[in-house]
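[1] kindly generate the corresponding structure for this input.
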Amino acid sequence: MSFFSGLFAKEKKETLDQGLQKSNQSFFNKLGKAIAGKSTVDDEVLDNLEEILISSDVGINTTVKIIEKIQARVARDKYLGTSELDKILKEEVANLLSENNTEDLGDFEVPAGIKPYVLMVVGVNGVGKTTTIGKLSSQFKKKGKSVVLGAADTFRAAAVDQLKIWGERVGVPVISKGMNTDPSAVAYDAVKHGVDTGADVIIIDTAGRLHTKVNLMAELSKIKRVMEKVIPHAPHDVMLVLDGSTGQNALVQAREFTKATDVTCLAITKLDGTAKGGVVIGISDEFKIPVRYVGVGEKVEDLQVFNKAEFVDSLFKK
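    Below you'll find the predicted structure:
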């Protein structure tokens, strides 16, 4: 690793630490009280840890799995100290994320041998979907990739306008037909433009509502069909954007969208403004869908490629 890449990795980790600070402090404040006066990990400590994990929005089912794994380790080592609890917790959560198909990707890389790579983005209004697309475009461009955006969230004027603003800011073309137009027609034009111009990445912004699952499912299926006319097997990924600050509500949204379409990866935003960072673990565990990106701040650089070991270290860092 060169000096500059090492420095960049250090800065990235410091940003992640800072972005998860509220979740980290909340967790350890509660844990400190739970293990006060305790030297070994007994049933009372584990009961308290269970409550803390649930209140940190890890989710009941995922919390039970983590507690069972720690219980098994305590059974093997009767004299396990409370001072080692955070280390064991990190290890077990990292293992859980590995089991849940959460892969660590290269920094804003796209799958090898696919050009253009087509990414369709879904998510309800207000989760930071369009902003995430803008930041993602900027990061891809910094990596030397050419990007085309498709404004197919056509039922909300702000979404189309916001994407155009991002396109101008980043310097990438935005294909748009305006508001109240057919989303699939926009997607088709964007993919066609990407192919014609030799783009590396095409990102389609879509589906900003969940008022009826049937309509959403039909719309997303149609968008996929028209894109496949230009590029077989497009989109290569369907990314669901979730607002981490909403905690368990993000889990509910994930359930609805995974019923409506084949979500292949996740971006979880707004983790810096909340103590609910544990929701990333719960969502990954329930849906077995890779977390691809996490948002830990306002700046473009604060959208980071998810690294499970670094995330767990920042979340449970003493």
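
[2] residue closest to the middle of this protein?
    The residue lying closest to the centre of the chain (C-alpha atoms, centre = their mean) is residue 267, at 2.3 Å.

[3] which residues touch it?
    By C-beta atoms under 8 Å, 6 or more residues apart in numbering, the residues touching residue 267 are 132, 239-242, 291-295, 303. Backbone N, C-alpha and C define where each C-beta goes, glycine included.

[4] helices of the stretch 201-318 of the chain, start to end?
    With helices called from DSSP state H, counting those that start in this stretch, the stretch 201-318 of the chain shows them at 213-230, 248-260, 279-287, 308-315.

[5] nearest to residue 53, out of those?
    Proximity to residue 53 (C-beta to C-beta) singles out helix 279-287 among the helices of the stretch 201-318 of the chain, at 8.6 Å.

[6] that closest one to helix 248-260, inter-axis angle?
    Angle of helix 279-287 versus helix 248-260, following axes from the mean of the first three to the mean of the last three C-alpha atoms, to 10 degrees, is 30 degrees.

[7] isn't residue 174 right next to residue 161, touching?
    No. Assessed by C-beta atoms under 8 Å, residue 174 is found out of contact with residue 161, at 10.2 Å.

[8] neighbour-wise, which of those two wins?
    Taking neighbours as other C-beta atoms under 10 Å, residue 174 and residue 161 compare with residue 174 leading, 23 against 15.

[9] the more buried one pairs with what?
    Here residue 174 sits in beta bridges with residue 149, as judged by DSSP bridges.

[10] just for the stretch 51-200 of the chain, where's the confidence low?
    The model of the stretch 51-200 of the chain has pLDDT under 70 over residues 78-79, 100-105.

[11] where does residue 222 sit relative to residue 190, distance-wise?
    15 Å (C-beta to C-beta, to the nearest Å).

[12] higher neighbour count, those two?
    Per other C-beta under 10 Å, whichever of residue 222 and residue 190 has more neighbours is residue 190, with 27 against 15.

[13] now do the SS call for the more buried one.
    At residue 190 the chain is in helix, as set by DSSP: H, G, I helix; E, B strand; the rest coil.

[14] list the contacts for it?
    Residue 190 neighbours (C-beta under 8 Å, 6+ apart): 148-150, 152, 175, 202, 204.

[15] nearest to residue 234 among those?
    Closest approach between these and residue 234, by C-beta to C-beta: residue 202, at 8.1 Å.

[16] distance check, that closest one against residue 33.
    Residue 202 is 50 Å from residue 33, by C-beta to C-beta.

[17] what does residue 27 give?
    The gap separating residue 27 from residue 33 is 11 Å, by C-beta to C-beta.

[18] again with residue 243
    The gap separating residue 243 from residue 33 is 29 Å, by C-beta to C-beta.

[19] these two: who's more crowded?
    Neighbours per residue, other C-beta under 10 Å: of residue 243 and residue 33, the larger number sits with residue 243, 24 against 10.

[20] helix, strand, or coil at the nearest residue to the more buried one once chain neighbours are set aside?
    Once flanking residues are discounted, residue 243 sits nearest to residue 127: 4.1 Å by C-beta to C-beta, 6 or more residues apart in numbering. For residue 127, the secondary-structure state derived from three-state DSSP is coil.

[21] equivalent analysis for residue 153, please.
    The three-state label given to residue 153 by three-state DSSP is coil.

[22] can you name the residues bridging to the residue nearest to the centre of the chain?
    Judged by DSSP bridges, the bridge partners of residue 267 are residue 241, residue 293.

[23] distance of it relative to residue 133?
    Counting by C-beta to C-beta - residue 267 and residue 133 are separated by 9 Å.

[24] buried residues in stretch 143-156, which are they?
    Across stretch 143-156, burial judged by 16 or more other C-beta atoms under 10 Å covers 145-155.

[25] can you give me the end-to-end span of it?
    Across stretch 143-156, the terminal residues are separated by 31 Å (C-alpha to C-alpha, to the nearest Å).

[26] got it, and stretch 285-293?
    Counting by C-alpha to C-alpha, you get 16 Å between the two ends of stretch 285-293.

[27] contacts for stretch 294-301 next, please.
    Stretch 294-301 has contacts (C-beta under 8 Å, 6+ apart) with 12, 15-16, 18-20, 128, 132, 134-135, 138-139, 244, 267-272, 280, 302-304, 306, 311.
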